[in-house]
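Engineer: give the three-dimensional model of this entry:
(2 chains)
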Amino acid sequence: MTNSLPSDSDLRFGPEHAPRANASAAFDILHQKVQRWVYAKGWTRLREAQEKAVEPILAGGRDVIIAAATASGKTEAAWLPICSALLFGAEHRRDQVPGVKALYISPLKALINDQYMRLTGLCEDLDLPVHRWHGDVASSQKSRVVRNPDGILLITPESVESLFVNHGSSLATLFGGLQYIVVDELHSFIGTERGAQLQSLLHRIELVVRRRVPRIALSATLGDFSTAADFLRPRKGAEVERIKAVDGDVEIKLVLKGYKCAEPSRATNTATGSDAAAPRDDESSEYDKAAIAAHLFQTLRGTDNLIFANTRRDVEIYTDLLNRLCAEARVATEFFAHHGNLSKEIREHVEGRLKDGSSPASAVCTSTLEMGIDIGSVDSIAQIRAPASVAGLRQRLGRSGRRDGKSAILRIYVSEPELTNSTPPVDLLRAETFQSAAIVEMLLQGRYEHPYVGELHLSTLIQQILSVIAQHGGADAQQLYGALCGHGPFAQVDRYTFTALLRAMGQHDLLTQDGRGMLLPGIHGERVINHYTFYTAFQTPVEYRLVSNGQTIGSVPVDQSILPGALLIFAGRRWKILNVDDRQKVIDLTQAGAGRPPKFFGGGGEVADEVRRTMRALYSSDVVPRYLDNGAQDLFIEGRSAFQRQGHAHSMIFGWGGDVLLFPWRGDRIMNTIAVVLASRDLEVGLDGLALTVHRTRPDDLHRLVARLAGESKPTAEALAAVADGKARDKYDGYLSDELLDRAYAARAFDIDGAWDTLTMIASSPPRAVDAEL
DNA sequence: GACCTGCTGCGGGATG
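Structural biologist: Predicted coordinates:
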């Protein structure tokens, strides 16, 4: 099966192109030394992103976003003109302002190390020093930069934060000559706490140097340029120059494979999020996993692949199954686990095996290998269970098929419960199969989810208030509001909310006020600021280090099953726990013959509105996608016939036993809003994938209630948030008053308009009983 | 039934 997907792999330098780089207008305006470097590289022409980016960046006045797929030369698209501009500037200006000339901000230390190597090569001949600054860089190198700032500085957002806190008075010198800020992997920041921190840091740098500094952003292919532009330059997104490498066609070979498992692995979460069912550990019932592992082993052995699983637990389970198949076949293992809880050494070893072409290797991984260092191209991508988002799947697919015009290969494995006469109606719909197909359809059409950017980010605002106070040794409320809110990065926070936030911070002793009204850190605030964990905007769980023979192999969160003598599967191997040191937070392991996968904790995933709507369209259509194998086709046809039999074309409310099922066919934010609305009317509501389960009511009663709600005026999101539970999520949410926490939660978790549209639709559709259909 | 990311300054002792 073949489909085409936008890519830019056709932009390749070939011998058929004569070395006529100087025929390019963009090449002509680069500095001569940069031209020489391009020539020495053997490049015969600039690639599309580079050709388009040189002029606007070199001109110097504008913000620019460069969106292109991995390995399309977008890094050079930024650095060739930036380095040229810095060289021209150095030649034409006699009174050189000291300081860093270009700042490169990256979400990953590994990317900084990669870029450092590449840029050093370019800048060697240009007389431009390159420095790096992140947690693994020696403090001696950092103090050298502070003493003698110059050239290009590669840094993480957290390390920029540390500059504000610890070197507040040196910043004017450090950044006085700053001409460009480059943000790499922009898409990874949009809509996150870390993104709010980055926006604040960019703004605060401009406040220090008292002028606008052009922002150059690099990103993976973007579905939504406007959101990205508004993120890069808030409220002035329309003025951002947008550069997109026009994508050529690359062939995708695609198959969706369907399997059946014995036990329905369903977990029901109530609206209050309290009673999640425990997942089963019983391996004997998991013959779908064995079948999937057997197919992976048979198909992928001897080649290089990335096998994406959605959870770290599944990474461990599948790596173990694949290793056992290798042992049975008496071959050396070539399947390696890779996820965020494995030690840096183990992860680097796996990355090394993938890069090394001499022996085949496949990584079973989470999103750790979606972004980041260049591991080269692999032969194929496997995705175990439904992908969570279109953008993520696109990014994963970009890792395959870049070798000399080869096709990208994608295999998706889904698994649905075997049908019995007690199978619940939701399981009859085969939601995992339809979610996978919906995401593939959107991918093939080039439709991506819109990132959600409506949050207040009050937790990160607390961090930034403390950071500004540390930077200046104190600040008054007016200055803080002007620097951070007002026309600043937290413009969505009004004066009333800001004042309430300062009051809440005072109540927790984060802040105190001196006689002249100056805000200073309180005793607790001082402790928070001075601890090294202050620089991150995101929350991190407490974990225990796993040690074997003195070597750290990774870390796990603590739970009751972590006791001496217990068995564990980790890093694709089997272990027995020897000792647990609660004070040092260290677990000693020894190799064992059996084990069980560890539990990891995590928040809930969120399915986008566009994905759910596409799923419904697939159920309603009569087309069966051609990329389904026989197993997936069976599941697809079962799901569609259940959709028709249960009457989803006309109804959205269904009686089932003593409960009622409600199908909004909308994204998780709307489903959560409806769940909380119903819970506020004293109903017990569970979120269950596609459906809301409303307990102890009848279809007619619920339908009447929904019709009444749809006719009433909408509540405010804040009023609705007051009745929700489990609202604290972000790092400093614990310091918020009830009122502020409600506001933060309302902005994050609700879509009142979407929910009321849906309630109106439900009110106009007849309720039904499905019991008879089973 | 989720994934990922990141982190200072200082003092004391050894070494060249």
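
Engineer: what sits against A:Gly454?
Structural biologist: A:Ala747, A:Arg748 (Cβ atoms under 8 Å, 6 or more residues apart in numbering). Just so you know, the C-beta spots here come from the backbone N, C-alpha and C atoms, and that holds for glycine as well.

Engineer: which element is it on?
Structural biologist: For A:Gly454, there is no helix or strand it lies in under DSSP states H and E.

Engineer: equivalent analysis for A:Thr75, please.
Structural biologist: Assignment of secondary structure by DSSP H and E places A:Thr75 within helix A:74-92.

Engineer: doesn't A:Ile346 fall inside a helix?
Structural biologist: Yes. Counting by DSSP: H, G, I helix; E, B strand; the rest coil, one finds A:Ile346 located in a helix.

Engineer: burial measure for it, as a count.
Structural biologist: When counting by other Cβ atoms under 10 Å, one arrives at 20 neighbours for A:Ile346.

Engineer: need the contact list for it.
Structural biologist: A:Ala337, A:Ile553, A:Gly554, A:Ala571.

Engineer: can you tell me how far the last one sits from A:Val331?
Structural biologist: It stands for A:Ala571. 19 Å (Cβ to Cβ, to the nearest Å).

Engineer: higher neighbour count, these two?
Structural biologist: A:Ala571 (26 against 12).

Engineer: and the closest residue to A:Ile637 other than its chain neighbours, how many neighbours?
Structural biologist: Spatial nearest neighbour of A:Ile637, chain neighbours left out: A:Val624 (7.1 Å); criterion: Cβ to Cβ, 6 or more residues apart in numbering. Residues near A:Val624, counting by other Cβ under 10 Å, number 14.

Engineer: and the pLDDT at A:Glu345?
Structural biologist: The model reports A:Glu345 with a pLDDT of 89.

Engineer: can you count the residues close to A:Gly398?
Structural biologist: The burial count for A:Gly398: 24, using other Cβ under 10 Å.

Engineer: in contact with it, which residues?
Structural biologist: A:Ser7, A:Ala69, A:Thr70, A:Ala220, A:Ala408.

Engineer: is the third one part of a helix or strand, or is it coil?
Structural biologist: Secondary structure assignment for A:Thr70 (three-state DSSP): coil.

Engineer: buried set for stretch A:577-594?
Structural biologist: Within stretch A:577-594, the residues scored as buried using 16 or more other Cβ atoms under 10 Å are A:Ile577, A:Val580, A:Ile587, A:Asp588, A:Leu589.

Engineer: ugh, wrong one, stretch A:545-562
Structural biologist: A:Arg545, A:Leu546, A:Val547, A:Ser548, A:Ile553, A:Gly554, A:Ser555, A:Val556, A:Ile562.

Engineer: same for whichever strand or helix holds the third one, what does it pack against?
Structural biologist: A:Val547 is part of strand A:543-548 when elements are defined by DSSP H and E. If contacts are counted by 3 or more Cβ pairs under 8 Å, 6 or more residues apart in numbering; DSSP states H and E, strand A:543-548 sits against strand A:551-557, strand A:573-581, strand A:586-591.

Engineer: which stretch among those strands comes nearest A:Leu740?
Structural biologist: strand A:551-557 (28.3 Å; Cβ to Cβ).

Engineer: I'd like the next helix or strand past the closest one.
Structural biologist: For strand A:551-557, the following helix or strand on the C-terminal side (DSSP H and E) is strand A:567-570.

Engineer: what about A:Ala438, neighbour count?
Structural biologist: The number of residues packed near A:Ala438 is 25, by other Cβ under 10 Å.

Engineer: mind checking the SS state of it?
Structural biologist: Going by three-state DSSP, the state assigned to A:Ala438 is helix.

Engineer: tell me how many other residues surround the spatially closest residue to it that is not a sequence neighbour.
Structural biologist: Take A:Ala438 and drop its neighbours on the chain: the residue closest to it by Cβ to Cβ, 6+ apart is A:Thr614, 4.0 Å away. Using other Cβ under 10 Å as the criterion, A:Thr614 is surrounded by 22 other residues.

Engineer: A:Asp725 too?
Structural biologist: 12.

Engineer: got it, and the one 5 residues further on?
Structural biologist: Burial of A:Asp730 is recorded as 21 neighbouring residues (other Cβ under 10 Å).

Engineer: the longest strand belonging to chain A packs against which elements?
Structural biologist: When chain A is scanned for its longest strand (criterion: DSSP state E), the result is strand A:248-261. Packing contacts for strand A:248-261, counted by 3+ Cβ pairs under 8 Å, 6+ apart, involve strand A:2-7, helix A:287-300, strand A:408-417, helix A:431-445, helix A:630-646.

Engineer: quick check: buried residues in it?
Structural biologist: Along strand A:248-261, these residues count as buried under the neighbour rule (16+ other Cβ under 10 Å): A:Val250, A:Glu251, A:Ile252, A:Lys253, A:Leu254, A:Leu256, A:Lys257, A:Gly258, A:Tyr259, A:Cys261.

Engineer: run the chain-centre distance for it.
Structural biologist: Mean C-alpha position of strand A:248-261 versus that of the full chain (Cα atoms, centre = their mean, to the nearest Å) differs by 23 Å.

Engineer: helix or strand for A:Thr360, which one?
Structural biologist: Careful, residue A:360 is Pro; it's not Thr. Applying DSSP H and E, one finds A:Pro360 in no helix or strand.

Engineer: ok, it to A:Asp320 distance?
Structural biologist: Distance from A:Pro360 to A:Asp320, by Cβ to Cβ: 19 Å.

Engineer: before we move on, back to that, ok, the residue nearest to A:Ile637 - contacts?
Structural biologist: A:Gln633, A:Phe636, A:Ile637.

Engineer: and for A:Pro451, the neighbour number?
Structural biologist: Other residues close to A:Pro451 by other Cβ under 10 Å number 20.

Engineer: find the nearest non-adjacent residue to it, please.
Structural biologist: A:Pro451 sits nearest to A:Gly191 (Cβ to Cβ, 6+ apart), 4.2 Å away.

Engineer: turn the helices and strands packed on strand A:543-548 into a markdown table, including mean pLDDT and distance to A:Asp494.
Structural biologist: Below are the helices and strands packed on strand A:543-548 laid out as a markdown table (pLDDT from 0 to 100; distance: least, Cβ to Cβ, whole Å):
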| stretch | mean pLDDT | distance to A:Asp494 |
| --- | --- | --- |
| strand A:551-557 | 88 | 38 |
| strand A:573-581 | 91 | 49 |
| strand A:586-591 | 92 | 47 |
